[in-house]
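J.: Got a sequence here, can you model it:
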Amino acid sequence: MRTVDELLAAQKSALRENGALNYRQRQALLRALAQMLRQHGTALSEAIARDFGRRHLRETEIYEIYPLQAEIAYVLGHLRNWVRPRAVHTRWPFLPARSLIIPQPVGVVGIIGAWNYPLLLTLLPLISAIAAGNRAILKGPRLAPQAMTLLAQTLRDVTSEDTIALVQGSPDVDHAFPGLPFDHLIFSGATRTGRVIARAAARNLVPVTLSMSGKSPAIIQRDYPLAAAARSIMAGKLVNAGQTCIAPDYCLVATDQCDAFIARAQSATLSLYPHWADNPDYTSIPNGRLWERLDGLLQDARGKGALLWQPSPAPAWPDGAQRPFPPTLLWNVRPGMKILEEETFGPILVILTYDDIQEALDYVRDHPAPLALYYFDRDQRRALRHCKGIAAGGLTINDTIFHVAQPGIPFGGIGLSGIGQYRGIYGFQRLSHYQGVFRQNRLSACEWVRPPYGRWTQLLIAWLSRWG
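T.: Model (predicted):
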């Protein structure tokens, strides 16, 4: 088995000898990837379920397999248009020369996947890399070892490691990978880790795309039906047990509607996940460390005066391979509680209140830009107007999380929630170098501006300054 350094050297050597992937090679590779997902999707879903302890196969199919298949279909339908050279304006004094922009692959792309959606967040950027004609090395997340072992095997059936390679995460690989001289590096994960990745990549001046989530808010306008808002918010919060980078982290509801919203959110939770502890639809937490972290956030908040509701309390310690954490509503939350200072990344919804909608908008603006923003309002024009001045990676109005299901919408954060975007044409553009080309004609006016400079040159410059 080759090391990461050897794989990178092999891919760069293949790039020098064979060139970048041409249009037909990209098509064939994307189709082979789609076939791999059709053929091995169930086995990959089963492996992910084992890594988590419990995760329904349908959940993986809906939120990982299908989005990847849809992305491939979208890219294949548009790729011919994306790869074409584009003629751009040439200033008339230079005619009949022509100016073009030609998209070129950047080279070898490094991709660091995330454990919460190990297939989606590893293969989605890979689709963008292939579309742009690049080779890629993927680093699988350590918390999904069974899924990544199977994915590595299936990828070897798709193409050689000189084109796409996957390495398993380990302490040594995790430390070395971001410091390698890739031509672009894509990372999905926590902001704290993203800072480390960016510093390591900067030593080789490697450009990065970082998707780092943050605390995504849901704002509910006073006149919006609370039951509908509660069901959408709880569905987005509890899918994958809240271990979703764009899950609603907290919601802002009018003060005099707080009790009513809590009641609606309780009903929605019980409807979505009855008997959560042994419900096969409800995903587990992958390990005890992550489970203890969530419990620690709750204990800190309760100790400082927060109130909470759970359908039934969690056991003192999760026993066995399955570690479900109870769906939790948390309110009466105040500054100084840890849960307001860090991303929850679990099935805990914080409920905050506002007296005036401007207070809610200002609260979101005064905090770091999130990866996603959710706004519930009967008046969608007003919703767009209110959200216009809020920095966020993406926006869904009157629902949650489904903006990322649209391949025509870019995925990525802003500020502390990320750098850059991918998916669809935005991923193609992110992982391409747009080379400007000036193609001179045999008839050229450029001789007039070359030495020796004389009176005619002076007159020409004066004329061009006025009319050119």
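J.: that's a strand at G110, yeah?
T.: Yes: counting by DSSP: H, G, I helix; E, B strand; the rest coil, G110 is located in a strand.
J.: name the element the nearest residue to it once chain neighbours are set aside belongs to?
T.: Leaving aside its chain neighbours, G110 sits nearest to F182 (3.9 Å; criterion: Cβ to Cβ, 6 or more residues apart in numbering). Placement of C-beta: from N, CA and C, glycine included. For F182, there is no helix or strand it lies in under DSSP states H and E.
J.: so who does F182 touch?
T.: 8, 107-110, 137, 201, 204, 206 (Cβ atoms under 8 Å, 6 or more residues apart in numbering).
J.: Give me the buried subset of those.
T.: Among the contacts of F182, those buried by neighbour count (16 or more other Cβ atoms under 10 Å) are 8, 107-110, 137, 201, 206.
J.: who's I220 bridged to?
T.: Beta bridges link I220 to F376, judged by DSSP bridges.
J.: how near is it to V253?
T.: Distance, I220 to V253, using Cβ to Cβ, to the nearest Å: 5 Å.
J.: Between the two, tell me which one has more neighbours.
T.: The residue with more neighbours, out of I220 and V253, is V253; 30 against 26, by other Cβ atoms under 10 Å.
J.: who does the helix or strand hosting that one pair up with?
T.: In this structure, V253 sits in strand 248-254 according to DSSP H and E. Strand 248-254 sits in its sheet next to strand 216-220 (parallel), strand 348-354 (parallel), going by DSSP bridges.
J.: if we look at that strand, which residues are touching it?
T.: Contacts of strand 248-254 (Cβ under 8 Å, 6+ apart): 214-220, 222, 226, 233, 236-237, 261, 340, 343-344, 349-355, 360, 363-364, 370, 372, 374, 400.
J.: which of these are buried?
T.: Among the contacts of strand 248-254, those classed as buried by neighbour count (16+ other Cβ under 10 Å) are 214-220, 226, 233, 236-237, 261, 340, 343-344, 349-354, 360, 364, 370, 372, 374, 400.
J.: what residue ranges in this structure score low on pLDDT?
T.: Within the chain, the stretches with pLDDT under 70 are 315-320, 468.
J.: before we move on, the earlier item: pull the CA atoms of the strand holding V253 into PDB?
T.: The C-alpha trace of strand 248-254 is given here as PDB (Å, rounded to 0.1, in the frame of the first residue of the first chain):
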ATOM      1  CA  PRO A 248     -30.700  24.600  12.800                       C
ATOM      2  CA  ASP A 249     -28.700  25.200  15.900                       C
ATOM      3  CA  TYR A 250     -31.100  27.700  17.600                       C
ATOM      4  CA  CYS A 251     -34.300  29.300  16.800                       C
ATOM      5  CA  LEU A 252     -35.600  32.800  17.500                       C
ATOM      6  CA  VAL A 253     -39.300  33.100  18.300                       C
ATOM      7  CA  ALA A 254     -41.500  36.000  19.600                       C
END
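J.: Could you give the separation of it from the chain centroid?
T.: How far strand 248-254 lies from its chain's middle: 22 Å, per Cα atoms, centre = their mean, to the nearest Å.
J.: That strand: what's the following helix or strand?
T.: helix 258-272.
J.: what angle sits between that next one and strand 248-254?
T.: With axes from the mean of the first three to the mean of the last three Cα atoms, to 10 degrees defining the directions, helix 258-272 sits at 140 degrees from strand 248-254.
J.: List the buried residues of helix 258-272.
T.: In helix 258-272, counting by 16+ other Cβ under 10 Å, buried: 258, 261-262, 264-266, 268-269, 272.
J.: who touches both of I220 and V253?
T.: Contacts common to I220 and V253, judged by Cβ under 8 Å, 6+ apart, are 226, 261.
J.: all strands for the stretch 101-250 of the chain, in order.
T.: Secondary structure of the stretch 101-250 of the chain by DSSP state E, counting those that start in this stretch: the strands cover 108-112, 135-139, 164-167, 184-188, 208-211, 216-220, 248-254.
J.: right, and the ones you listed - which one's nearest L464?
T.: Closest to L464 of the strands of the stretch 101-250 of the chain is strand 184-188 (Cβ to Cβ; 39.4 Å).
J.: Give the pairing partners of the closest one; include direction for each.
T.: strand 108-112 (parallel), strand 208-211 (parallel).
J.: on contacts alone, who are the packing partners of the helix or strand V364 falls within?
T.: Assigned by DSSP H and E, V364 belongs to helix 357-365. Applying 3 or more Cβ pairs under 8 Å, 6 or more residues apart in numbering; DSSP states H and E, one finds that helix 357-365 contacts strand 216-220, strand 248-254, strand 348-354.
J.: Tell me what angle the last one forms with helix 357-365.
T.: Between the direction of strand 348-354 and that of helix 357-365, the angle (the same axes, to 10 degrees) works out to 140 degrees.
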